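1. I would like the atomic coordinates for the input below:
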Amino acid sequence: MEFKHPSKSIIGSKGEELKNRKIALCITGSVATSQSPKIARELMRHGAEVYPVFSPMAQKIIHPYLMEWATGNKPTLKLDGKIDFISLSESEGRVDLVLIAPATANTIAKLASGINDTPVTAVTIAAHGLGIPVLIAPAMHKSLYDYPATQENIRKLRSWGYEFIMPRIEEGKAKFAEVENIVEAVILRLKGGDMAGLKVLVTAGPTYEYIDPVRIITNKSSGRMGIAVAEEAKRRGAEVTLVYGLGTEKPPTNIKTLNVETSKEMFDMVISELKKNSYDILIAAGAVADFTPENVFSHKVSTDKVSKLTLTLKPTIKIIEEAKKVSPKTFVVGFKAEYNLSDEELADRAYERLVKSGIDLMVANDVGRENVGFRCETNEVLIVDKDRNVQKIPLARKEVIAKKVLDYILNKIGKT
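-> Numbering: from 1, shown residues only. Reported below is the predicted structural model:
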């Protein structure tokens, strides 16, 4: 008679969303490692089989016996002749997903540099090479999280297709995401997500409006908000196309990206996509310049010959207005940036633009507020719909804002 570990009796007790799914739970040397047993048990309650994988430092924080008790499976603790890390990612008995929770700055740096010297990095690199999804939940002191190399490593891994469950920035720390949020992210990734079957077009980044071949008019947008929306929609199962201006944020390689420079190019690309394809949702998060020079010089204007240069500017075409005309069945969401307004004034401006454009939803922010909007990791927005309902999303990381905006959209189109 085959022995069944008593801990496995909880499998499926809360639901079967992860039934027959195998998850490698990789644990690194953060104090948040204390939450790993709870994560494992919650994944199991939703039907998953969980296989613990330890870094050497993680073994000094919690004992492997605890994770063996929690999961009913022997942990992978070292790189040896058994090559357990390969067997977890081979076709026979391979895991469906790798979850690194918690992930330290050190492990993130190793993955970004291709360093393969612990069971955690070995399992992760082998799995990623086979196309197995990897979710990473960072946990560390905020100074480590804000360190430029850490941020660059996260951007690099994202561009390679790794997915992140972002931390909570509190009390000077990049705190571990809540356990329920981590479990939800795993379920969404493996179930196909609540946006499976939807086609989503997203715009992001600034546009460049040329004065001459060298000089431009633009704005301070990095493209981060639009990319966060595109990544969240992709994670939730949508088929996503990103129309991207010249932002400083690198778009992920697993999302189809169409690059543009000017407002005219972004307009033409969006309209072309809407005419060629049947998109369910357009989220126009791109920071399109409001004005463009009426006449563009074909040569560089020399300050040696011109002591004063006068430009005549004309308004750019409003992409969202034309988009709704071209594709009336597409749910169109606009983004509007204002400066130094009260919430009431901001909601009024957003609603006026929504009505004038004939679109379905407007997301507005005030970039005059601290840590809001351009070149910030955080944002604070008001969501305004056609019935003039207003929902405020307080200051949060742009990834969190993206999630809440998509939740609102899905509720409006009846997908929740």
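2. Against the centre of the protein, work out the most remote residue.
-> The C-alpha centroid of the chain is most remote from Lys305, which lies 48.5 Å away (Cα atoms, centre = their mean).
3. My reading is that that residue is in a strand; is that accurate?
-> No - Lys305: not assigned to a strand; according to DSSP: H, G, I helix; E, B strand; the rest coil it is coil.
4. Which pLDDT does the model give it?
-> We have a pLDDT of 80 for Lys305.
5. Repeat that for Phe3.
-> pLDDT for Phe3: 64.
6. now Gly245
-> Gly245 is assigned 96 on the pLDDT scale.
7. show me what contacts it?
-> Neighbouring residues of Gly245 by Cβ atoms under 8 Å, 6 or more residues apart in numbering: 203-208, 221, 223, 260-261, 266, 286-288. The way it works is simple: take the backbone N, C-alpha and C, and place the C-beta from them, glycine included.
8. make it 6 Å
-> Gly205, Pro206, Thr207, Val260, Gly286 (Cβ atoms under 6 Å, 6 or more residues apart in numbering).
9. For this protein, which segments count as helices?
-> All helices of the chain, identified by DSSP state H, fall at 36-45, 64-71, 84-87, 105-113, 119-129, 142-146, 148-159, 179-191, 224-235, 263-276, 319-326, 343-357, 398-412.
10. comparing those, which gets the lowest mean pLDDT score?
-> What stands lowest among these, in mean pLDDT terms, is helix 84-87, with a mean of 56.
11. ok, now how distant is Glu42 from Val123?
-> Distance from Glu42 to Val123, counting by Cβ to Cβ, to the nearest Å: 21 Å.
12. and those two? which has more neighbours close in?
-> Val123 (27 against 19; other Cβ atoms under 10 Å).
13. unless I'm mixing things up, the more buried one is touching Pro52, no?
-> No - the criterion here is Cβ atoms under 6 Å, and Val123 misses it with Pro52 at 10.6 Å.
14. Now do Pro6 against Ile108, distance only.
-> Using Cβ to Cβ, one gets 35 Å for the distance from Pro6 to Ile108.
15. Compare those two and say which one has the larger neighbour count.
-> More crowded of Pro6 and Ile108, by other Cβ under 10 Å: Ile108, with 25 against 9.
16. excluding its backbone neighbours, what's nearest the more buried one?
-> Distance criterion Cβ to Cβ, 6 or more residues apart in numbering; nearest residue to Ile108, sequence neighbours excluded, is Asn153 at 5.1 Å.
17. Around the one you found, how many other residues sit close by?
-> Around Asn153 there are 19 residues (other Cβ under 10 Å).
18. ok, it touching Ala109?
-> Yes - contact status for Asn153 versus Ala109: in contact at 5.3 Å, counting by Cβ under 6 Å.
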